Each structure stands twice: as C-alpha cells, then as structure tokens.
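>>> requesting a structural model of the entry that follows:
(one chain, ligands or ions: 2)
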Amino acid sequence: MNTGLSVYGKDARTIKFLELVFVDMNGFPRGMEVPMDRYEEATEEGIPFDGSSIPGFEGIEDSDLIFRADPSTYVEVPWEGVSRVYGYIYKGRKPYPADPRSVLREVLKELEKAGFRAYVGPEPEFYLFRKNGSWKLEIPDGGGYFDLLSPGRDVWREIALYMPAFGLTPEVLHHEVGMGQHEIDFRYDEALRTADNIISFKYIVKAVARMHGLHATFMPKPLRDFPGNGMHLHLSLWKGGENAFASEDGLSEVALHFLGGLLAHARALTAITNPTVNSYKRLVPGYEAPVYVSWGYRNRSALVRIPAFWGNGARMEYRCPDPSANPYLTFAAVLMAGLDGIRRKLEPESYVEENVYEMEGSRRKELGIETLPGSLGEALEELKKDKTVRESLRGAYRNFVEYKEREWEGYLEYLKDQRLPEDTLDVTEWELRRYFNV
Ligand code: GLU
Ligand code: MG
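Numbering: from 1, shown residues only. Ligands and ions are numbered 1, 2, ... in the order given. So this is what the prediction gives:
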C-alpha cells in the first residue's frame, strides 16, 4: 500500500509543503497549503485567495484577499512533513479590516502609543472523549482534580513534548475537576505571540488526542453536569522593561485602573470572550466559573482574581474567557477595556472575599455586584451599547456582530423546533455539532 509518506517526507529535511494559517471570525484556523518553494513569495508579495466563504469574512464586498506570512511564526510540524506559518490578511495594500490578527496588531500599536506592552498567559482547559461515532460523549478516565494517575497523562506528556517545536513552553500539566478534563498552562508571552500560541496549542492537543484514538474538545460546556472549559487569562502591562502592574505594596495605580476598566466593560466583553451559545452554559454557579462582576484576591468565584505574586510577577487573572473565544479579538477587547480604565482613572468596585454565589441577592445589590449576561443574545446587546468594546474590534466589529446574531437566531429557531425553552441549560445536539471542534 502506498501510504504517501515517501512522497511527502516524514521529517523536516524533506518538507515540501507550507501551511499558510489565519483564523476566521470564530478563531478557527483556516488556510491553504503551498509548495515550500513559494515561501519567499508568501512573505513578500503574499499569496492571493478567495475569502468569500470564510466564516465572518463574507459581506465585505470583494473576495480577492492576500495572505502575507509573518516569518517570525514559521515552524515545522514534527509529526508531518509540513511547515506552518501565521500571517496577516490584506486587501490590496491595506490590512483586511475583518482579519482578527490585524485587529490585534492595531490595538497593540495603540497600547504602545500609550507606553505599554501587554503580556498574556492563558490557562486553557479541555476534555478528552473516546471516539464512538455518536454525540453521546464517552469519558475515557475517571480522574479528578490533580489526579496523577489518569490515562490522560500519556496524552499531556506527549502534547508537552511537542509544544517546544511550535515555540511554546509548557509549564504545568494537570487533571482538572471534571472527569476526563485537563489543563496545560504554558509560558506567558507578548499578546500577539500568545494569541498565536493558543491557536497552535489547540492544534497540537487535537492532533495528539487523535493519535491516541481520542477527541479533544475545547467547547466551553460539553456536559451539563460537569465543569466547563475556561481559558483564564493572566494579564499584565509593561512599561520600559518593567511590570507596570507592580508597586511596592501590591498592585500599582495603573493595575487598579486597568481592573476598573475590565469591570466597567465586563458585560460587553463577554460577547467576545464567551462568543458561543454554549459559553453561557458554563457561566453558572457551582463550577468555579464566574457569574458575577466582582474581584478579589483568593476568591475563585470572582470574575477577576489577583494572584498573590508581586514585583515582576504582578498580574491579574481574568476568569471569564473560554477557549471558544477568538484569542486575537479577545485580547484586543480586553486590553482596550483596561486601557480605557487607565485613561479614565476608573476605580475598581465590587471587591469581595466572600463566595459571591452564596451571597444573598440583597447583599449583592448592596455591594453593587452585577450579573454577567445569561446568553449570547444578551451579551450581543451589551456589546452594541459599549462604545469602547465595540471600537476595540475595529473593522471586524460589524462582521462579528452580524455573524454572531445569525448564530444566536439559528439557535433560537432550533429551540423552537425542538420545543425547548430559551433558557435551557441542557447542552443540545445543535451545540455539539457546531462547537465540538472550536
Ligand atoms: N473549569 C473552571 C472554569 O470553567 C475553572 C477551574 C479552575 O479554577 O481552574 O472556569
Ligand atoms: Mg483550571
């Protein structure tokens, strides 16, 4: 049998193809392959393509787009005879407005004008399921939080061993609370690099899971009665080589204002950090996912947690995002919300050290603690009202909202067909089909 391996080559010396990778509005990697000898052309004049069928790109008149590779992201895929590179999309000479990577690049330029560089460290969580050809999800291990003996560890280790080939530095591998749920944290980096790293990370996890006969899913809430998958973000801003969030006695003024910005825009941000119908089934009490707009130092029920690291380790953990989010748009929105807080010198309110879930509603009211949106539909309404967050998406805003509104309407129609209530917390087959591969 001809396996094709002799044709494609199995190792880096015989690499014949190059994957040109960008992400669509959903943060899903898309691209094309070109023969390796077009690499120079891909980085210089770029490779033209028809973008009219890319989710979230339609609607902007003409379809002639150009992919230009960013050579700083070039890697060779260790298990396949191909290499990959991320890039920017252009329309003519101008950046294509709906290209998420270009949106983040612009936002980072604005941040730089204000004197800051942003660093982000993610904590992506995922489930492994056994493949069984149906939507009945089969959990392959019975492990719990920090279980060291689950069969999943073979999968983590292999993932971690592949990560450096993609420029990622694994830091901690552990079993999460859900059976079959895992987390691998990797080293924080400058924001654009981390967004690329998240895309690479999911690619590695899915590929390695497949090698083990498993499915990996990053969907925010695959099973109703199990914890969801979060993607907490550790955020810090640096100025002149120093952490601008650090001060002698805890968080700096800059950090507190940034936090004020996050809280002030939290409700609108969810449309971007939690952009799927399924995301809102994660944001319910009882599973360590945030529900209320609050912050604290130790409290894991809070939306923003301040880990006890000072000096250059000073940072804040934004616990809302989930791994269905487009990391480029998420970072753009979150950083602009924080920058708005810095510019307007917003003070963070709604500090709590109690468990917010267990608090009486009246006590929450007294403390001025708001609730996060309960659905994608509600979050989109919040987004439309929030100028700062809207503008953070720049030219991608209109495409994003139109795309997501159609998604929400499609779900509502499905519910009607199935005679299910709009606020059902059941994970529907509609969601599994649409989001299992996010
Ligand atoms: N899985 C939880 C979430 O949905 C987070 C668990 C943790 O604290 O790491 O965000
Ligand atoms: Mg976790």
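>>> quick one: the helices in the stretch 251-400 of the chain, in order.
253-273, 279-282, 327-343, 361-366, 376-385, 387-392, 397-418 (DSSP state H, counting those that start in this stretch).
>>> which SSE is residue 178 in?
Using DSSP states H and E, residue 178 sits in no helix or strand.
>>> what residues does the residue of the chain found nearest ligand 1 make contact with?
Closest contact between the chain and ligand 1, by CB to the nearest ligand atom, is at residue 230 (2.5 Å). C-betas here are computed from N, CA, C, even on glycine. Contacts for residue 230 (CB atoms under 8 Å, 6 or more residues apart in numbering) come out as 123, 125, 220, 282, 288-289, 319, 321-323.
>>> please, a PyMOL command that selects the buried ones among these?
Of the contacts of residue 230, the buried ones can be selected in PyMOL as follows, counting by 16 or more other CB atoms under 10 Å:
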select buried, resi 123+125+220+282+288+289+319+321+322+323
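>>> export the contacts of residue 230 to a markdown table and tack on pLDDT and distance to residue 295?
Formatted as a markdown table, the contacts of residue 230 follow (pLDDT from 0 to 100; distance: CB to CB, whole Å):
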| residue | pLDDT | distance to residue 295 |
| --- | --- | --- |
| 123 | 97 | 17 |
| 125 | 98 | 21 |
| 220 | 98 | 22 |
| 282 | 98 | 19 |
| 288 | 92 | 15 |
| 289 | 95 | 15 |
| 319 | 97 | 10 |
| 321 | 98 | 15 |
| 322 | 98 | 19 |
| 323 | 98 | 22 |
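>>> mind checking which of the helices of the stretch 251-400 of the chain is nearest residue 306?
Checking the helices of the stretch 251-400 of the chain against residue 306 by CB to CB gives helix 253-273 as the closest, at 8.0 Å.
>>> packing partners of that closest one?
strand 231-239, strand 246-247, strand 292-293, strand 304-305, strand 316-318, helix 327-343, helix 376-385, helix 387-392 (3 or more CB pairs under 8 Å, 6 or more residues apart in numbering; DSSP states H and E).
>>> out of the helices of the stretch 251-400 of the chain, nearest to residue 298?
Taking these one by one with CB to CB, helix 253-273 is closest: 15.7 Å.
>>> torsion angles phi and psi at residue 87?
Dihedral angles phi and psi of residue 87 (degrees, to the nearest 10) take the values phi -160, psi -170.
>>> what's near enough to touch it?
Counted by CB under 8 Å, 6+ apart, residue 87 has contacts 20-22, 42, 46, 67-70, 73, 101.
>>> just the element for the residue lying closest to residue 435 once chain neighbours are set aside, please.
Of all residues not flanking residue 435 in the chain, residue 219 sits nearest, at 4.3 Å (CB to CB, 6 or more residues apart in numbering). For residue 219, there is no enclosing helix or strand under DSSP H and E.
>>> I'd assumed residue 431 was in contact with residue 219.
Yes: under the criterion of CB atoms under 8 Å, residue 219 is in contact with residue 431, at a separation of 7.4 Å.
>>> residues in contact with the helix or strand where residue 33 lies?
If you go by DSSP H and E, residue 33 is part of strand 29-35. For strand 29-35, the external contacting residues (CB under 8 Å, 6+ apart) are 16-24, 42, 47, 49, 54, 67, 82, 199, 203.
>>> which residues touch the closest residue in space to residue 143 that isn't next to it in sequence?
Excluding its sequence neighbours, the residue lying closest to residue 143 (CB to CB, 6+ apart) is residue 150, at 3.1 Å. By CB under 8 Å, 6+ apart, the contact list for residue 150 reads 141-143, 175.
>>> what's the PyMOL syntax to select whichever of the residues you listed are buried?
PyMOL command restricting the contacts of residue 150 to the buried ones, with burial defined by 16+ other CB under 10 Å:
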select buried, resi 141+143+175
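>>> which ones among the contacts of residue 150 map onto strands?
Among these, DSSP state E puts residue 175 in strands.
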